[in-house]
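*Asks:* predicted model follows, preceded by the sequence.
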Amino acid sequence: MYNTLTTSVNTITLIKPMISIRRNTIIDTVHLLFSMTIKNNGSASVTLTPQEILSAIREVKVTSNNNISNYAMNGLDLAIMNCLHETKSRSVIKSIGSKTIAASASETVEFSLILNEGDLLAVLKQDVTLEIGFNDTVKAGTTSTNGVNLTAATVTVTTGDRVIESKDEITNEYGSSAERSAEPKVYILSTAVGANTALTEALAIPTGTLIRRAIICCYATGATSPEITPDAIGLIATNPNRQEIMNVSAKQLRATQNKDYFVDCSSTERPAGIFMIDFANEVAADGLGLKGWRFGVDDFKIAAKTSTAFTMRVIFVENVVNTAAFDAGTVPILETPLGF
């Protein structure tokens with residue numbers, strides 16, 4: 001078994017949104033290099049924010065065995081998740097930056113995003129596919145013909161892999177039935193949160209998996225960037241009795257997390273309405289996360305206190321594990337030790 005980086009000969013474009021990913025490996029990371037050409041059809045120059053540029057990416061989706069979703073989110077979701085993946089790393093939102101496009105002109109924007117939330121055992125799959133969908137309109141104009149549009153897009157795909165040279169290597173690493181595997185499951189849930197005067201339950205924690213993080217993004221109606229700051233963010237247990245597991249000032253939570261994330265951003269460059277609950281290290285405090293098979297639907301809920309109504313959009317970062325093996329004492333491999 002050895003590690004390698006491999007750039008696929010197949011690229012994703014507007015007319016070819018899906019490719020297959022190699023299956024003779026364990027996929028540690030998927031690197032996505034975007035090149036997008038954006039045209040300003042208006043009669044005046046326009047400046048696009050990074051969030052508006054990212055809004056052109058409607059969906060990034062990785063699927064294995066035909067119908068198992070490993071990743072499903074839009075471009076801004078993925079960029080936000082990248083910002084909160086590793087401490088002290090450069091903010092991808094800042095690296096994209098704003099882009100000014102002159103009237104009736106086009107500009108090309110290039111940036112990189114990464115899928116890196118667990119090892120995908122592609123060698124044991126029938127298929128692994130990557131699909132990226134785009135929105136035609138980047139920013140609406142005053143009429144149907146003078147907006148800002150995406151005219152071309154190419155995504156170069158590079159995988160960070162562990163190449164398998166014998167079946168015994170899989171067995172030695174992950175067990176005879178891959179019982180030590182912990183494959184990624186990342187997706188979005190959202191709900192409307194009304195104005196209130198006390199910490200109020202908003203969105204149930206999913207069940208069935210190892211839940212590592214919840215990245216909470218608070219959007220005003222129609223906004224392209226999460227900029228709402230509630231009074232408080234919390235976690236509430238509802239069964240057998242209501243208990244506030246977490247109740248923290250949203251401003252304090254953001255300030256605390258800013259010490260580790262978005263460290264290269266000014267207050268205007270970092271979207272204000274992003275908050276993370278780190279279940280693995282702050283709630284379960286075992287480096288693993290909430291064991292979603294040990295509680296029922298609605299037993300735990302993300303909560304908020306807010307004087308302003310907003311839409312709560314949550315990026316759930318989970319790993320699919322063998323629950324019986326886990327409960328019997330087998331610790332899953334959340335990330336291979338020599339990943340890229």
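*Replies:* That came in fine, so what should we check first? Remember, it's a predicted structure, so these values are computed and weren't measured experimentally.
*Asks:* switch to C-alpha atoms for all contacts and neighbour counts from now on
*Replies:* Will do.
*Asks:* what residues of stretch 21-30 count as buried?
*Replies:* 21-30 (16 or more other Cα atoms under 10 Å).
*Asks:* can you list the residues you listed in TSV and add distance to Gly208?
*Replies:* Below are the buried residues of stretch 21-30 laid out as TSV (distance: Cα to Cα, whole Å):
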residue	distance to Gly208
Ile21	27
Arg22	28
Arg23	26
Asn24	28
Thr25	26
Ile26	23
Ile27	23
Asp28	23
Thr29	24
Val30	25
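*Asks:* looking at the residues you listed, which are in strands?
*Replies:* 25-30 (DSSP state E).
*Asks:* ok, those vs Lys16, which is closest?
*Replies:* Using Cα to Cα, Val30 comes nearest to Lys16 of those, at 18.1 Å.
*Asks:* ok, that closest one to Thr323 distance?
*Replies:* Distance, Val30 to Thr323, using Cα to Cα, to the nearest Å: 26 Å.
*Asks:* how about Leu113?
*Replies:* 31 Å.
*Asks:* next one: Lys99
*Replies:* Distance, Lys99 to Thr323, using Cα to Cα: 47 Å.
*Asks:* between those two, which one's more packed in?
*Replies:* A count of neighbours by other Cα atoms under 10 Å puts Thr323 above the other of Lys99 and Thr323, at 20 against 17.
*Asks:* and that one, backbone torsions?
*Replies:* phi -70, psi -40 (degrees, to the nearest 10).
*Asks:* for the one 3 residues further on, same thing?
*Replies:* Backbone torsions for Phe326, taken as degrees, to the nearest 10, come to phi -60, psi -50.
*Asks:* the residue nearest to it when sequence neighbours are not counted: what's it in contact with?
*Replies:* Leaving aside its sequence neighbours, Phe326 sits nearest to Pro332 (Cα to Cα, 6 or more residues apart in numbering; 7.1 Å). Contacts for Pro332 (Cα atoms under 8 Å, 6 or more residues apart in numbering) come out as 179-182, 321, 326.
*Asks:* Ala272 versus the closest residue to Gly273 other than its chain neighbours, what's the distance?
*Replies:* If the residues on either side of it in the chain are set aside, Gly273 comes closest to Glu227, at 4.2 Å by Cα to Cα, 6+ apart. From Glu227 across to Ala272, the span is 5 Å (Cα to Cα).
*Asks:* tell me if Asn82 really is in a strand.
*Replies:* No. Counting by DSSP: H, G, I helix; E, B strand; the rest coil, Asn82 is not part of a strand but helix.
*Asks:* please, where are all the helices along this protein?
*Replies:* Taking DSSP state H as the criterion, the chain carries its helices at 50-54, 75-83, 92-96, 167-174, 250-258, 323-327.
*Asks:* okay, those in TSV with mean pLDDT next?
*Replies:* Formatted as TSV, the helices of the chain follow (pLDDT from 0 to 100):
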stretch	mean pLDDT
helix 50-54	95
helix 75-83	95
helix 92-96	89
helix 167-174	88
helix 250-258	93
helix 323-327	96
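*Asks:* which parts of the stretch 101-250 of the chain are strands?
*Replies:* 106-115, 128-134, 137-139, 148-163, 182-193, 200-204, 210-219, 232-237, 243-249 (DSSP state E, counting those that start in this stretch).
*Asks:* what about the third one, average pLDDT?
*Replies:* By that I understand strand 137-139. Strand 137-139 carries an average pLDDT of 93.
*Asks:* could you export stretch 24-44 as CSV, CA atoms only?
*Replies:* The C-alpha trace of stretch 24-44 is given here as CSV (Å, rounded to 0.1, in the frame of the first residue of the first chain):
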residue,chain,number,x,y,z
ASN,A,24,-8.7,0.6,-7.0
THR,A,25,-7.8,2.8,-4.0
ILE,A,26,-8.8,4.2,-0.7
ILE,A,27,-9.7,7.8,-1.5
ASP,A,28,-8.4,10.1,1.2
THR,A,29,-9.1,13.4,-0.5
VAL,A,30,-10.7,14.8,-3.6
HIS,A,31,-9.2,18.1,-4.8
LEU,A,32,-11.4,20.3,-7.1
LEU,A,33,-9.7,23.0,-9.2
PHE,A,34,-12.4,25.3,-10.5
SER,A,35,-12.0,27.5,-13.5
MET,A,36,-15.1,29.5,-14.2
THR,A,37,-15.8,32.2,-16.8
ILE,A,38,-18.3,34.8,-15.8
LYS,A,39,-19.8,37.4,-18.1
ASN,A,40,-21.3,40.8,-17.1
ASN,A,41,-24.1,41.5,-19.5
GLY,A,42,-24.9,44.8,-17.9
SER,A,43,-24.0,48.4,-19.0
ALA,A,44,-22.0,49.1,-15.8
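*Asks:* OK, contacts around the residue nearest to Asn239 when sequence neighbours are not counted?
*Replies:* Nearest residue to Asn239, sequence neighbours excluded (Cα to Cα, 6+ apart): Asp299, at 5.4 Å. Residues near Asp299 by Cα under 8 Å, 6+ apart: 204-205, 237-239.
*Asks:* export these as TSV, with columns for distance to Ser266, pLDDT and neighbour count.
*Replies:* Output for these, formatted as TSV (distance: Cα to Cα, whole Å; pLDDT from 0 to 100; neighbours: other Cα atoms under 10 Å):
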residue	distance to Ser266	pLDDT	neighbour count
Ala204	33	98	17
Ile205	32	98	22
Ala237	35	96	19
Thr238	38	95	14
Asn239	41	93	12
